[in-house]
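*Asks:* Curious how this folds, go ahead:
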Amino acid sequence: MTYRWIVAVLRSFAFFLTVIIVSECFIPSPPPQQNKRPNIVIILADDLGRADVGFTEGNFQTPTPNIDQLAWEGVILNRHYSLPTCGPSRAALMASKYPHQTGMFIPISEGEPWGLPLKFKIMPQYFKELGYQTVAIGKWDPVKFCGRDSYENDKFVPVEVVNNDYLPELLLEKAEQKIYNADPNKPLFLYYATPTPRASQDGPLGNESQLTMPQYLQRPPIQKLSAKFTERRKQLAQIQALDEQVKHIVDALRNKGILDNTIIAFMSDNGAADASHYDIDPGLQRGVIHGSNWPMRHSKSHDFEGGVRTPSFIWSPLIKRSGRVYNDLFHLIDWLPTLYEAACGSWVSQSPDPYREGSVSQGKAINEGIPQGKGAPRNDLVVELTPNGRRAFISNQLDRQGNVLNMWKFIKGPTWTKKFLGWTRTEGTSAQDQVKLVTPASANCQKYPPGTEVGEKCNPNVAACLFELIPDPCEARNLAKEGAAFVQHLEHMINVTHAQSMIPSESRFFDPRSHPDRWNQRWVPWMDADLREDVASRVVSYAPFNPPSAF
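*Replies:* Here you go, the predicted model:
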């Protein structure tokens with residue numbers, strides 16, 4: 001690699017944040033009457049891996065016909081990026097901001113007195129201003145339900161009075177209720193954060209099985225998998241449960257008569273946590289769920305593609321050019337401006353936000369089908385930026401006409417696991433029997449196959465890594481040594497453009513005053529004097545969740 005060639009390529013980079021000025025309303029005549037705005041339904045899966053749905057890499061082992069139908073009829077966001085862990089992802093989705101802008105760098109645990117600061121306006125507030133009725137159901141962070149215990153309106157709902165329903169089913173029934181009872185004169189905004197497929201296991205180390213959907217174990221694809229992969233079978237059952245949830249939500253929208261005026265956004269909060277290597281590295285033990293990101297490298301909690309490149313699509317009859325794969329960069333923080341403008345709101349007319357940086361509306365590119373790489377709405381994104389030195393950044397390499405020639409990824413800093421930094425093949429598959437077909441959304445790793453590093457080994461704990469994502473989506477060839485000039489330039493850009501705006505972490509240690517032993521064995525808002533005594537002293541009610549009125 002000559003110096004002249006390095007300089008030429010560096011000059012072709014465009015490191016900037018793109019802002020779309022024109023609102024892209026998905027319905028014909030903005031501004032519409034209030035009840036004509038499209039309904040917005042967001043389905044957020046928990047720890048869903050790239051190889052855990054059919055439309056990406058799963059295919060035969062994890063057939064998800066209901067999810068797949070929506071994906072192929074809509075627009076598959078094939079380079080959709082989340083954060084590597086759940087709490088930061090959910091905060092980023094709601095606030096449309098990177099974690100270094102909100103201080104939400106790590107997940108929240110029980111009894112910790114912190115969260116997303118109230119100064120940040122979140123997604124439902126934006127849609128309320130457009131006249132929407134807003135509903136949020138499911139997991140925020142954390143969700144530490146033990147088996148089947150749940151609450152409704154602060155009332156305990158024990159298992160014996162809900163006909164053996166489990167949490168994911170209870171949440172689904174509540175979502176169906178809300179759709180059925182929605183005011184027909186107002187558009188609906190529904191945020192459905194399901195605990196599946198992570199709900200397949202529970203326990204302090206994530207290896208004490210808590211199967212919550214046993215009926216799905218009898219489905220043929222699961223029975224076909226060898227019984228020696230017991231935990232993977234349970235994971236597949238949860239993925240089947242997730243697919244059924246999507247079906248029920250779509251049916252509820254159809255029965256309500258509003259499906260044709262609805263936008264459905266589907267995504268995962270991060271990659272799957274896999275179990276194949278937890279025995280050699282204690283850092284992998286917590287949160288193991290036997291998911292799969294193959295052929296992407298590594299898993300949840302890591303900045304490699306397996307931890308952050310997540311399955312996603314947008315579906316709606318209102319999209320002008322649907323039934324395709326969108327291969328430009330899309331970050332979780334882009335959902336709010338994209339959906340807000342799809343609902344005929346003007347994102348740029350919002351009052352100036354000193355904390356806003358980096359979110360981009362991609363509505364025009366999605367709706368009108370701008371060719372891949374030609375005038376892409378987003379040309380770079382922060383994968384992760386933390387106070388402890390984790391740095392990960394992706395940037396497009398452009399030609400003089402603004403077309404994308406390549407995507408470069410930079411990773412540096414401490415990793416969650418130290419001993420294992422590689423790939424995990426989907427349990428029950430092999431190189432000879434991959435149990436899949438290649439689709440337009442599959443990662444093409446033929447040039448640099450997963451599983452074996454080519455040349456310089458990548459260890460971000462020791463030195464920065466550099467990958468070309470278009471020819472090497474599986475991150476098998478580390479070019480940091482050969483492309484040292486790229487590494488320096490990318491690191492400079494993330495430090496100058498983003499790190500200088502990083503705010504301190506909001507995280508706080510566990511507060512002993514929160515422990516359920518102090519509050520009638522319940523988690524309560526212990527720091528709010530007006531609520532804590534009232535909630536803790538309420539008589540336990542055995543009234544179950546209200547049954548859905550139409551489904």
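
*Asks:* Tell me if I'm right that residue 339 and residue 262 touch.
*Replies:* No: Residue 339 sits out of contact with residue 262 when judged by Cβ atoms under 8 Å, with a separation of 11.6 Å. Placement of C-beta: from N, CA and C, glycine included.

*Asks:* Need the overlap of contacts for these two.
*Replies:* residue 40 (Cβ atoms under 8 Å, 6 or more residues apart in numbering).

*Asks:* Quick check: beta-bridge partners of the nearest residue to residue 258 once chain neighbours are set aside?
*Replies:* Nearest residue to residue 258, sequence neighbours excluded (Cβ to Cβ, 6 or more residues apart in numbering): residue 39, at 5.5 Å. Here residue 39 sits in beta bridges with residue 262, going by DSSP bridges.

*Asks:* just checking, residue 39 touches residue 184?
*Replies:* No: using Cβ under 8 Å, residue 39 makes no contact with residue 184, being 10.7 Å away.

*Asks:* out of the two, which sits in the busier spot?
*Replies:* Using other Cβ atoms under 10 Å as the criterion, residue 39 and residue 184 rank with residue 39 on top: 24 against 10.

*Asks:* Show the pLDDT at that one.
*Replies:* On the pLDDT scale, residue 39 is placed at 97.

*Asks:* residues in contact with it?
*Replies:* When the contact criterion is Cβ under 8 Å, 6+ apart, the partners of residue 39 are 187-190, 253, 258, 261-263.

*Asks:* And the longest helix seen in the chain, what's buried?
*Replies:* Counting residues, the longest helix found in the chain (DSSP state H) is helix 230-256. Buried residues in helix 230-256, defined by neighbour count with 16 or more other Cβ atoms under 10 Å: 231-250, 252-253, 256.

*Asks:* re the thing from before, reformat the contacts of residue 39 as a markdown table; add distance to residue 420 and pLDDT.
*Replies:* Below are those laid out as a markdown table (distance: Cβ to Cβ, whole Å; pLDDT from 0 to 100):
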| residue | distance to residue 420 | pLDDT |
| --- | --- | --- |
| 187 | 47 | 96 |
| 188 | 44 | 97 |
| 189 | 41 | 97 |
| 190 | 39 | 97 |
| 253 | 42 | 98 |
| 258 | 47 | 96 |
| 261 | 47 | 96 |
| 262 | 42 | 97 |
| 263 | 39 | 97 |
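
*Asks:* Distance to residue 101 for the residues you listed - can I get that in a markdown table?
*Replies:* Output for these, formatted as a markdown table (distance: Cβ to Cβ, whole Å):
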| residue | distance to residue 101 |
| --- | --- |
| 187 | 29 |
| 188 | 29 |
| 189 | 23 |
| 190 | 26 |
| 253 | 33 |
| 258 | 34 |
| 261 | 33 |
| 262 | 30 |
| 263 | 26 |
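
*Asks:* which among those residues end up buried?
*Replies:* For those, a neighbour count by 16+ other Cβ under 10 Å gives the buried set as 187-190, 253, 258, 261-263.

*Asks:* all helices for the stretch 51-200 of the chain, in order.
*Replies:* Remark: helices assigned in the stretch 51-200 of the chain by DSSP state H, counting those that start in this stretch are 65-73, 86-95, 99-102, 123-129, 167-180.

*Asks:* Spit out the residues that contact residue 39 and residue 184 alike.
*Replies:* residue 258.

*Asks:* Could you double-check that residue 48 lies in contact with residue 266?
*Replies:* No: contact criterion Cβ under 8 Å: residue 48 and residue 266 do not qualify, at 9.4 Å.

*Asks:* Please identify the most buried of the helices of the stretch 51-200 of the chain.
*Replies:* helix 86-95 (a mean of 26; mean count of other Cβ atoms under 10 Å).

*Asks:* Least confident secondary structure element in the chain?
*Replies:* Taking mean pLDDT, DSSP states H and E as the measure, the chain has strand 208-209 as its least confident helix or strand, at a mean of 35.

*Asks:* what are the phi and psi angles of the residue positioned nearest the centre of the chain?
*Replies:* Centroid check for the chain by Cα atoms, centre = their mean gives residue 269 as the closest residue, at 2.4 Å. Dihedral angles of residue 269 (phi, psi; degrees, to the nearest 10) stand at phi -70, psi -20.

*Asks:* ok, it to residue 25 distance?
*Replies:* Counting by Cβ to Cβ, to the nearest Å, the gap from residue 269 to residue 25 is 28 Å.

*Asks:* what's the answer for residue 422, then?
*Replies:* Here residue 422 is placed at a distance of 45 Å from residue 25 (Cβ to Cβ).
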